[in-house]
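# sequence first, then the predicted structure:
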Amino acid sequence: MTQREIFFVANEVNELGGVGRWQTQMARLFAERGHRVRIIGIAPPEVPMDLGAHPPFETLTLYDRRPPAHRGPHVPLGRIAPVVRAGGAARRAAAERLSDVFRAAGPGAVIVVTQVWAMEWVALADTAGLPVVGMSHESFEASRRSSRFARVLRYYQDVDRLLVLTQEDADLWVGQGLNNVGFLPNPLPVMPAAPSPRTEKAVVSIGRLNHEKGVDLLLDVWAEAAPRQPGWILRVHGAGDHEPELRRQCTELGLDDSVEWAGQTDDVTGALGRSSVLVQSSRGEGFPLVLLEAMACGVPCAAFDCSPGVREIVRDGEDGLLARHGNTSELARHLVRLMADENLRDAMGERARQNVRRFAPEVVVRRWEELFDFLER
């Protein structure tokens, strides 16, 4: 195995959320295998994640505060763009700082750009001689609904490899004219020694309280499901700008006695261990870590089939239940089915715990190293 210098370039070094957690896990996995790892963030995080006292990787943040968005002409990768020379001093300094870091890299170094906003800076820097892997951590459809779609097409067209999360999404990007697309799944974040006992009458939701995570839809789901299974609670872990309106919706639906607003948690495994079912009501997802974590804990999942990543993880009817995207009545029926049947919960939970091992970290990290070897040829 070739030991490499691996640069992760991201929007932030340690933003709390799925991408930040993935990035930290991958950095640790690579470091454990002898690679030298550095995470470079463009801006400080809004909601920081604790990296621990002595993480096995270096970190660097280019700006003291989040810089404004930039819209300029496309520049071939590996060149300093004219717009950098003509732009503000801060942007010039940030691009040159990245260039200095990359120029000092040893043989076999590789750049992994975790998010497309960060790619705007990498595209302006000198990456000559270094393979560049760009990433999109969301589904093709979720990207297409956002401003990121045009930026993926613009900034990732010249990278050595664009990685998405599933074969299905890769095929859709190829259909947009990109000929450098591959896919790699997220690794399993954790495998607890013992599964959840699945004895507490609790359904758990874990995620930010924003539009994309669909907690407003979940409350509509719970309004249908809760009366059919008295004594169960919905425990909502998360924080976000939508919390006040979600709490109002909860009250208006008469759900205050059966919904617990548990706040943000860093202990996802602990939250799952106190639950018997995980529900996910997202409008869009990439390859959601919380589904992997729930399955590793032996907690069966009921979720909207909102992306290829979701149906890649959950095998509908075998280790979890998927509802058509946005169909709240169908998701409510799935929840009631799991809440009402202890034997079904146990059977699906145990199958989930076995099936999710196909995303074991050692399997995924080896695929990354094989990609690096291929790009170096």
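Sure thing, it's come through.
# so what touches stretch 363-377?
Applying CB atoms under 8 Å, 6 or more residues apart in numbering, the contact partners of stretch 363-377 are 1-2, 4, 26, 29-30, 33, 108, 110, 131, 133, 160-161, 182, 184-187. (Each C-beta comes from the backbone N, C-alpha and C, glycine too.)
# now do the same end-to-end measure for stretch 127-136.
Using CA to CA, to the nearest Å, the end-to-end distance of stretch 127-136 comes out at 20 Å.
# for that stretch, what is the average pLDDT?
Across stretch 127-136, the average pLDDT comes to 97.
# give the buried residues for it.
127, 130-136 (16 or more other CB atoms under 10 Å).
# how about stretch 359-377?
Within stretch 359-377, the residues that count as buried by 16+ other CB under 10 Å are 359, 361, 364-365, 368-369, 371-372.
# which of the residues you listed lies closest to R315?
Distance to R315 across the buried residues of stretch 359-377 (CB to CB) is lowest for F359, with 12.7 Å.
# hmm, L292 and the closest one touching each other?
Yes. Counting by CB atoms under 8 Å, L292 is a contact partner of F359 at 6.1 Å.
# need the residues touching each of those two.
186, 188, 313.
# quick revisit: just the buried ones from the contacts of stretch 363-377?
4, 26, 29-30, 33, 108, 110, 131, 133, 160-161, 184-187.
# among these, name the ones in helices.
Taking DSSP state H, the ones among these that sit in helices are 26, 29-30.
# so which of those residues comes closest to L172?
Looking across these and measuring by CB to CB, the closest to L172 is M26, at 23.9 Å.
# okay, that closest one and R377: tell me how far apart.
From M26 across to R377, the span is 23 Å (CB to CB, to the nearest Å).
# hey, where'd the strands end up in the stretch 51-200 of the chain?
58-61, 110-113, 132-135, 161-164, 181-183 (DSSP state E, counting those that start in this stretch).
# next, format these as CSV and append distance to P227.
Formatted as CSV, the strands of the stretch 51-200 of the chain follow (distance: least, CB to CB, whole Å):
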stretch, distance to P227
strand 58-61, 49
strand 110-113, 48
strand 132-135, 43
strand 161-164, 41
strand 181-183, 42
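# of the ones you listed, which approaches G270 most closely?
Distance to G270, taken as CB to CB, is lowest for strand 58-61 among the strands of the stretch 51-200 of the chain, at 26.7 Å.
# which residues does the closest one contact?
Contacts for strand 58-61 (CB under 8 Å, 6+ apart): 12-14, 37-44, 51, 101.
# now, which of the residues you listed lie within strands?
Judged by DSSP state E, the contacts of strand 58-61 include 37-41 as members of strands.
# give the contact list for the nearest residue to R274 once chain neighbours are set aside.
Distances taken as CB to CB, 6 or more residues apart in numbering put E200 closest to R274, at 5.6 Å, once the chain neighbours are dropped. Listed by CB under 8 Å, 6+ apart, the contact partners of E200 are 274-276.
# sitting in helices, which of these do you find?
In helices, defined here by DSSP H, there are no members of those.
# out of those, who's nearest L218?
S275 (14.2 Å).
# so who does the closest one touch?
So S275 contacts 196, 198, 200, 202-204, 235, 299 (CB under 8 Å, 6+ apart).
# now for those residues, which pair is the farthest apart?
Top of the distance list for the contacts of S275 (CB to CB): R198 and R235, 14.2 Å.
# between these two, tell me which one has more neighbours.
R198 (21 against 18; other CB atoms under 10 Å).
# name the nearest residue to that one, ignoring sequence neighbours.
Distances taken as CB to CB, 6+ apart put S276 closest to R198, at 4.3 Å, once the chain neighbours are dropped.
# G177 now?
Spatial nearest neighbour of G177, chain neighbours left out: L153 (7.7 Å); criterion: CB to CB, 6+ apart.
# again with L163
Spatial nearest neighbour of L163, chain neighbours left out: M135 (5.0 Å); criterion: CB to CB, 6+ apart.
# what does R103 give?
Nearest one to R103, counting by CB to CB, 6+ apart, is D126 at 6.3 Å.
# neighbours of that neighbour, how many?
By other CB under 10 Å, the residues close to D126 number 18.
# thank you kindly, that will do.
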